[in-house]
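A.B. asks: structure of the sequence below:
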Amino acid sequence: MNLTTLLIRIGIAALIVSAIIIFGAKKHKSILTTFLQSFCGVLFLFSGWVKAVDPLGTAYKMVDYFTEFQTTFAESGLSFLAPLFPFLSNYSVAFSVIMIIFEIVLGIMLITGSKPKFTAWAFFLLVAFFTVLTGFTYLTGYVPNGVNFFSVSEWGPYLASNMKVTDCGCFGDFIKLEPKTSFLKDVFLLIPAIYFIVRNKTMHDLFSKTANFWIEIVAIVGLLFYCLSNFVWDLPHTDFRSFNVGKDVRATHAAEQEAMANVKITDWLMKNRYDGKEITISNSEYMTNYKNYPKTDWEVLEQIKTEPAIKSTKISEFEITDKEGSDLTYKFLEEDGARFLIVSPKIKSEVSVVKKMVKDSIYRADTLQTLDNGELMIVNTLDTIVDKEVSITKFKWEKKYASAMREKLKPVLNDLLDKDAEVIYAVGGAGVTELEALEEDFNLKGVQMAMSDDILLKTIIRSNPGVVLWKDGVIIDKWHINKLPSAEAIYNKHF
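C.D. replies: Here you go, the predicted structure:
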């Protein structure tokens with residue numbers, strides 16, 4: 001579904017709601033105001049719900065914004081604000097849940113007409129906030145690498161590759177909007193937002209103050225429970241992401257790779273290094289006369305390409321390697337058979353380096369011994385044993401994470417290994433030292449330890465750790481660590 005189709009459906013829903021209010025409840029004061037209340041209310045209900053399905057996804061998007069803001073402000077005259085953003089990142093999940101609940105409740109208040117003046121200003125401020133975010137995202141397309149956002153005089157032509165945050169997350173993973181589209185959408189919403197402020201006295205009010213109060217309280221409590229249920233103790237009940245249950249990852253990966261291979265370069269956007277002049281030339285002309293555009297004189301700003309027949313998703317980035325760096329991706333994209341992928345986007349621990357004294361043996365060359373083939377071999381003899389200080393890396397695992405590993409994952413894992421199941425444990429953003437410590441501290445013998453990109457692993461499953469069952473390149477099932485069934489139950493269901 002694209003944005004146009006979605007807005008048409010929301011418009012139809014708004015017409016139905018407006019008709020009920022106007023002809024059924026007879027509560028309207030202005031037909032236009034009632035329709036705008038209904039349209040904006042339904043829009044906020046839907047956009048809030050698709051985010052409430054996956055609050056962690058919104059939290060991850062907030063971290064992307066906070067990270068970009070930190071970099072931007074740190075390199076500007078407002079550098080004193082930069083330390084604020086890492087602090088905010090630590091509470092991104094809480095901010096995500098609060099924002100989602102506020103958006104949905106505000107949608108309800110628009111439809112019911114509760115507290116017209118407050119609702120009008122709240123809607124305006126929230127839309128203005130979204131406009132700033134999406135506007136920043138879009139405008140970074142004009143900011144070349146190495147140039148600060150606030151250095152407007154150094155901005156160049158719009159290039160999608162300049163943007164660090166490429167999707168606002170307005171509709172979660174349900175619809176991915178281009179930054180410019182998101183920005184224009186929010187600019188459009190400023191029109192009814194300003195209208196509500198000016199004309200809030202014409203907003204309809206369906207219920208009494210007491211009824212509105214209890215509707216909002218029940219909505220807040222219910223939505224809080226719903227949001228938490230989608231990541232604290234279970235997976236999102238609806239999965240809009242690429243790696244959803246039933247997805248043939250093998251076939252999708254092959255199709256996306258083929259589509260990317262068929263992409264053609266049509267034009268080149270070039271910039272003269274001396275006078276700053278920008279030109280666009282066709283690929284055929286460039287390839288024929290490329291000697292006329294030496295790198296000393298011309299900078300390639302962008303290769304303009306055809307759109308792939310299939311848009312790439314995170315599946316195209318699917319890659320897993322073992323501790324030695326050898327590829328394990330083929331096990332999921334090429335090999336048949338069932339296997340379990342345990343996913344930890346991040347291993348939660350405090351790392352410390354401790355000094356320890358150990359015994360070290362010192363040998364001396366003593367005698368020469370003649371071998372049967374006539375060669376001489378030096379024979380070393382123990383000379384002395386000394387104390388030696390060495391550095392040892394220790395991992396103190398987060399209590400909740402360690403408890404989930406030992407009490408919930410390990411019993412099931414042991415039973416799976418007893419059934420000769422193939423198990424691969426992929427950890428995000430970890431090195432060999434972390435993998436070996438994880439393997440040793442939790443006794444993961446029989447499990448193949450692996451590494452992968454943390455963002456990719458977050459996309460695969462919203463649980464840390466989480467378990468994914470694959471068969472012949474297809475995702476058969478997923479389990480949150482708090483809803484992980486016994487190995488016997490898994491085998492009874494799927495084997």
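A.B. asks: can you name the next helix or strand after the helix or strand where residue 256 lies?
C.D. replies: Using DSSP states H and E, residue 256 sits in helix 249-261. Using DSSP H and E, the next helix or strand after helix 249-261 towards the C-terminus is strand 265-272.
A.B. asks: sheet-wise, list the partners of that next one with their directions.
C.D. replies: Partners of strand 265-272 in the sheet, by DSSP bridges, are strand 278-282 (antiparallel), strand 298-305 (antiparallel).
A.B. asks: mind listing what's buried along it?
C.D. replies: 267-271 (16 or more other CB atoms under 10 Å). Just so you know, the C-beta spots here come from the backbone N, C-alpha and C atoms, and that holds for glycine as well.
A.B. asks: how about the helices in the stretch 1-150 of the chain?
C.D. replies: Taking DSSP state H, counting those that start in this stretch, the helices of the stretch 1-150 of the chain run over residues 3-19, 31-52, 55-74, 84-89, 92-112, 116-139.
A.B. asks: grab the nearest non-local neighbour of residue 207.
C.D. replies: Spatially, and ignoring its direct neighbours in sequence, residue 207 is nearest to residue 112 (5.9 Å; CB to CB, 6 or more residues apart in numbering).
A.B. asks: burial count for the one you found?
C.D. replies: The number of residues packed near residue 112 is 21, by other CB atoms under 10 Å.
A.B. asks: got the contact list for it?
C.D. replies: Residue 112 makes contacts with 205-207, 212, 215, as judged by CB atoms under 8 Å, 6 or more residues apart in numbering.
A.B. asks: that older thread, please work out which of the strands paired with strand 265-272 is packed deepest.
C.D. replies: Per residue and on average, the most neighbours among these fall to strand 298-305, with a mean of 15 (mean count of other CB atoms under 10 Å).
A.B. asks: centre of the chain to it, how far?
C.D. replies: Distance of strand 298-305 from its chain centroid, counting by CA atoms, centre = their mean, to the nearest Å, is 29 Å.
A.B. asks: could you give the number of residues near residue 287?
C.D. replies: With neighbours defined by other CB under 10 Å, the count for residue 287 comes to 11.
A.B. asks: sorry, back to before: specify which member of the contacts of residue 112 is nearest to residue 245.
C.D. replies: Ranked by distance to residue 245 (CB to CB), the contacts of residue 112 are led by residue 215 at 34.6 Å.
A.B. asks: does that closest one count as helix, strand or coil?
C.D. replies: When classified by DSSP: H, G, I helix; E, B strand; the rest coil, residue 215 comes out as helix.
A.B. asks: test my guess that it contacts residue 207.
C.D. replies: Yes - the criterion here is CB atoms under 8 Å, and residue 215 meets it with residue 207 at 7.0 Å.
A.B. asks: any idea how far residue 33 is from residue 127?
C.D. replies: 17 Å (CB to CB, to the nearest Å).
A.B. asks: what about the helix or strand that residue 227 is a member of, average pLDDT?
C.D. replies: Element membership for residue 227 (DSSP H and E) is helix 209-229. Per-residue pLDDT over helix 209-229 has a mean of 96.
A.B. asks: buried set for it?
C.D. replies: 212, 215-216, 219, 223, 226-227.
A.B. asks: likewise for stretch 320-328?
C.D. replies: For stretch 320-328, a neighbour-count test (16+ other CB under 10 Å) marks 320, 322-323, 328 as buried.
A.B. asks: among those, which are in strands?
C.D. replies: Mapping the buried residues of stretch 320-328 onto strands (DSSP state E) picks out residue 322.
A.B. asks: farthest pair within the buried residues of stretch 320-328?
C.D. replies: Maximum pairwise distance in those, criterion CB to CB, is 11.5 Å, between 320 and 323.
A.B. asks: between the two, which contacts overlap?
C.D. replies: Common contact partners of residue 320 and residue 323 (CB under 8 Å, 6+ apart): 450-451.
A.B. asks: circling back: quick one: mean pLDDT over the helix holding residue 256.
C.D. replies: 94.
A.B. asks: mind putting the helices of the stretch 1-150 of the chain into TSV with mean pLDDT?
C.D. replies: Shown next, in TSV, are the helices of the stretch 1-150 of the chain (pLDDT from 0 to 100):
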stretch	mean pLDDT
helix 3-19	93
helix 31-52	96
helix 55-74	90
helix 84-89	91
helix 92-112	96
helix 116-139	94
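A.B. asks: distance to residue 400 added to the ones you listed, as a markdown table?
C.D. replies: Listed next are the helices of the stretch 1-150 of the chain as a markdown table, based on distance: least, CB to CB, whole Å:
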| stretch | distance to residue 400 |
| --- | --- |
| helix 3-19 | 38 |
| helix 31-52 | 23 |
| helix 55-74 | 16 |
| helix 84-89 | 19 |
| helix 92-112 | 14 |
| helix 116-139 | 31 |
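A.B. asks: of the ones you listed, which is nearest residue 249?
C.D. replies: For residue 249, the closest of the helices of the stretch 1-150 of the chain is helix 55-74, at 19.2 Å, according to CB to CB.
A.B. asks: if I pick the closest residue to residue 60 other than its chain neighbours, what's in contact with it?
C.D. replies: Spatial nearest neighbour of residue 60, excluding adjacent residues (CB to CB, 6+ apart): residue 458 at 6.2 Å. Contacts here follow CB under 8 Å, 6+ apart; on that basis residue 458 touches 56, 60, 345, 428.
A.B. asks: most neighbours, which of the residues you listed?
C.D. replies: That'd be residue 345 among the contacts of residue 458, by other CB under 10 Å, with 25 neighbours.
A.B. asks: gap between that residue and residue 283?
C.D. replies: From residue 345 to residue 283 the distance is 40 Å (CB to CB).
A.B. asks: next: residue 262.
C.D. replies: In this view, residue 262 and residue 283 are 15 Å apart by CB to CB.
A.B. asks: which of those two has more neighbours?
C.D. replies: Ranked by neighbour count (other CB under 10 Å), residue 262 and residue 283 place residue 283 first, with 15 against 11.
A.B. asks: ok, now how distant is that one from residue 306?
C.D. replies: Per CB to CB, residue 283 is found 10 Å from residue 306.
A.B. asks: what's the overlap in contacts for the two?
C.D. replies: Shared contacts of residue 283 and residue 306 (CB under 8 Å, 6+ apart): 264, 266.
A.B. asks: against which helices or strands is the helix holding residue 227 packed?
C.D. replies: Secondary-structure packing of helix 209-229 (3 or more CB pairs under 8 Å, 6 or more residues apart in numbering; DSSP states H and E): helix 31-52, helix 92-112.
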